[in-house]
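[1] missing the sequence, but the structure's below:
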């Protein structure tokens, strides 16, 4: 019996030692940036301390390891010419958690650099961090005078905001970029969609006493006087940037401003952004901010598996809520029945290929044979880089640039393994920002449970873009369900293809459209129209509820169509009455 008691005491002691060791190891896996000299007072330059703390994680074998940035305001000083992509660069890390406290704010000081960069990482989580830029990447003020005939706008800059002549705002200062101005209600800061966005292609004039005069390329109206005017210096720098990474999470993150997008995800797989925000910073003195990020809320390109955006709130952006997809590249020349030359693009050379082609004369994407090799090459008369693609079987019919001389009208190739397939946009709130809601090019995706309101619109776009962006493919087989769209001025759901293949296989069900229609003067779709379908086929539209068109839009057709394939339309109601596809649709009118 004594031996048994001794045995159990020994076992208990061993268990206690193991638990203590495990707890000690666990404690050792939290690294605090304050231990590396970070201050967090909003004045000291904390970037060196954060970088040292981050680098120390490489010496810790216990995983996951947490880098803690406690409550405080951390100023990350970075020269605008610094040879780095991001202020806080998390590169080539695995099984790392970077966490703020309840009130951790990072202040980025270069409007030419990303905020937090996640590059070539696996299983990295960034959470509980807010980002703002100082200087702000835009300026704002009140319009005091206009000259519609000469297209001149004079504004008085709000106190505390950058000057229009500051290098990062002024598109003519030598840095790449362009200036665009947007109008807002002076009291509510609501975007005023009845005015054109003002493209500012001339040098701003400093008139003195805080007054600046812009020459616009767009229509200028007398009633713009007294509106707030925000002018962006749009740069290629997002607040959160994820590149070449896998299984990463951004959680409970906040963006107050960004020179480009709030969140940008490129060439990455299974990236999730959850419970995050893009909002106006609430604690500013003086005039309230008109904007948040200068460009999209979430912009994602060339991802093998699309990102998931969930349970998040975006407002105040200078462009779309969400844009997910890949890129077409034109077929320049056919060398033989198994070899073509295309314009070089990393989405073809950097990923396993599952290639499709949009080709004149075919209303579906054509599946290409297996690519067995590629080589750099040149095409006579074409100045950009090219690659030669060789396949293991004969290619389908195609049209080359060499044949028709039109880079937009020849066959276009896209890699399905680099276009955001299986993306999910679920349970988010997008409101009060410029232009459109969700642009989905990634096929087999899900748009579910979102609330989209107070936009010029469209609220949801499923399409390709064969114009200057050449984005695609076209969101085939996407499910759009359980979304609510409120006060969208142009078409609420917009389905279109500017390339020969139709958009196919969509299921649009159980959505609610209300208080729709407005005076936005330009954009995709038609003012006051719930459904716009151009070049769609094999679509199912069912159980959608449309109510309360805004005043003046009661007689706009429910559906505008063109080049329509098979469509199943059932149990869709307008103000409680059943609708019929044949009776309630009209052809899309020609453009003026």
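    Everything's here; your move. Keep in mind the model is a prediction, meaning the values are calculated, not measured. Numbering: from 1, shown residues only.
[2] who's in contact with stretch 82-94?
    47, 50-51, 54, 57-58, 63, 76, 78, 96, 98, 106, 108-110, 113-124, 126, 241 (CB atoms under 8 Å, 6 or more residues apart in numbering). For every residue, glycine as well, the C-beta is placed using N, CA and C.
[3] which residues touch the residue nearest to residue 488 when sequence neighbours are not counted?
    Distances taken as CB to CB, 6 or more residues apart in numbering place residue 457 nearest to residue 488, at 4.1 Å, with adjacent residues excluded. Shown in contact with residue 457 (CB under 8 Å, 6+ apart): 436, 437, 488, 489, 490, 491, 492, 494, 520, 523, 524, 525.
[4] Could you do residue 391 as well?
    Residues near residue 391 by CB under 8 Å, 6+ apart: 338, 339, 368, 369, 370, 371, 372.
[5] I'd like to know how far the second one sits from residue 373.
    Residue 339 sits at a distance of 10 Å from residue 373 (criterion: CB to CB, to the nearest Å).
[6] which sections of the stretch 151-300 of the chain are below the confidence cut-off?
    173-178 (pLDDT under 70).
[7] Work out for me the element residue 167 sits within.
    Using DSSP states H and E, residue 167 falls within no helix or strand.
[8] And for it, the neighbour number?
    16 (other CB atoms under 10 Å).
[9] Pop the domain breakdown of this structure in here.
    The record, using automatic domain parsing to delimit domains, assigns the chain the ranges 26-134+236-295, 138-234, 327-416.
[10] export these to a markdown table and tack on distance to residue 514?
    Compiled in a markdown table, the domains of the chain are given as follows (distance: least, CB to CB, whole Å):
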| stretch | distance to residue 514 |
| --- | --- |
| domain 26-134+236-295 | 24 |
| domain 138-234 | 18 |
| domain 327-416 | 34 |
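[11] Residue 422 is nearest to which of those domains?
    For the domains of the chain, proximity to residue 422 was assessed by CB to CB; domain 26-134+236-295 is nearest, at 9.2 Å.
[12] so how far is the closest one off the chain centroid?
    The chain centre lies 18 Å from the centre of domain 26-134+236-295; the measure is CA atoms, centre = their mean, to the nearest Å.
[13] all helices for the protein, in order.
    Assigned by DSSP state H, the chain shows helices spanning 2-28, 47-56, 346-349, 401-404, 581-584.
[14] worst average pLDDT in those helices?
    If the helices of the chain are sorted by mean pLDDT, helix 2-28 sits at the bottom with a mean of 45.
[15] For the residue nearest to residue 488, report the pLDDT, please.
    At residue 457, pLDDT is 93.
[16] how much space between it and residue 493?
    Taking CB to CB, one finds residue 457 at 10 Å from residue 493.
[17] ok, back up a step: from the contacts of stretch 82-94, which would you call buried?
    Neighbour-count burial (16 or more other CB atoms under 10 Å) applied to the contacts of stretch 82-94 gives 47, 50-51, 54, 57, 76, 78, 96, 98, 106, 108-110, 113-121, 123-124, 126, 241.
[18] okay, and the common contacts of residue 339 and residue 373?
    By CB under 8 Å, 6+ apart, the residues touching both residue 339 and residue 373 are 389, 390.
[19] okay, those two: which has more neighbours?
    Ranked by neighbour count (other CB under 10 Å), residue 339 and residue 373 place residue 339 first, with 15 against 10.
[20] Was I right to think the more buried one contacts residue 390?
    Yes - judged on CB atoms under 8 Å, residue 339 makes contact with residue 390 at a distance of 5.0 Å.
[21] Look up how far residue 344 lies from residue 443.
    Here residue 443 is placed at a distance of 24 Å from residue 344 (CB to CB).
[22] out of these two, which sits in the busier spot?
    When residue 443 and residue 344 are compared for neighbours, residue 443 comes out ahead with 27 against 15, by other CB under 10 Å.
[23] Name the residues of stretch 268-286 that come out as buried.
    268-274, 276-281.
[24] now swap in stretch 518-528 and tell me
    Applying 16+ other CB under 10 Å to stretch 518-528 flags 518, 520, 523, 524, 525, 526, 527, 528 as buried.
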